[in-house]
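[1] Below: sequence and its predicted model.
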Amino acid sequence: MLRNRTTVKQKPGLFLQPYVVAQLSGTLIVQVVEGSDVTATEYALTSWLAVQRRATPSQLAYELGVAPTTLSAMIDRLVQKDQIRRVPHPDDGRSYLLELTPQGRATNIRNSRRLERVIAELREQLDADPEEILEAMRRLEAALRRVLQ
């Protein structure tokens, strides 16, 4: 005899939920940067440089959670697009720093203005305090970094 089973829909767990959020966020960022000189991933890098001003490739790899080889190719593309430039490291002759070019700053400002509009719309859709959500995400990031060490 077959029983009538009700299907219990499970919610995504600790790893699947961040994956889903990353995919949806990525789709929004792709829309934001569409038609600009950078991809969504490149926009993340240039945005980080816009805040920090300068960084070594190692710092960027760590902060963005990107493999150094992936980052190296991205840096080369952004240099070719005149979005960032390499400048000598003042304390380490073997290394260099990355910074935005004037064109890179202009691209980043345009994309950031577009993103601000999307964020305003997103905030209207949230049923929680955005800062509480960010704090939870920061705690998850810190825990992931500790596990990966």
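    Right, received. Where do you want to start? Residues are numbered from 1 along each chain as shown.
[2] Show me what the one helix or strand Asn108 maps to is packed against.
    In this assignment (DSSP states H and E), Asn108 forms part of helix 102-125. Packing partners of helix 102-125 (3 or more Cβ pairs under 8 Å, 6 or more residues apart in numbering; DSSP states H and E): helix 16-33, helix 40-52. All C-beta atoms are positioned from the backbone trio N, CA, C, and that covers glycine.
[3] now that helix against helix 40-52, angle please.
    Computed by axes from the mean of the first three to the mean of the last three Cα atoms, to 10 degrees, the angle separating helix 102-125 from helix 40-52 equals 100 degrees.
[4] quick one: Thr41 from Leu24, how far?
    16 Å (Cβ to Cβ, to the nearest Å).
[5] From the neighbour counts alone, determine which of the two ranks first.
    Thr41 (18 against 10; other Cβ atoms under 10 Å).
[6] which non-adjacent residue is nearest Gln83?
    Excluding the flanking residues, the one nearest Gln83 by Cβ to Cβ, 6 or more residues apart in numbering is Gly104, at 3.8 Å.
[7] and the one you found, what is it in contact with?
    Contact partners of Gly104, counting by Cβ atoms under 8 Å, 6 or more residues apart in numbering, are Thr46, Leu49, Leu78, Asp82, Gln83, Ile84.
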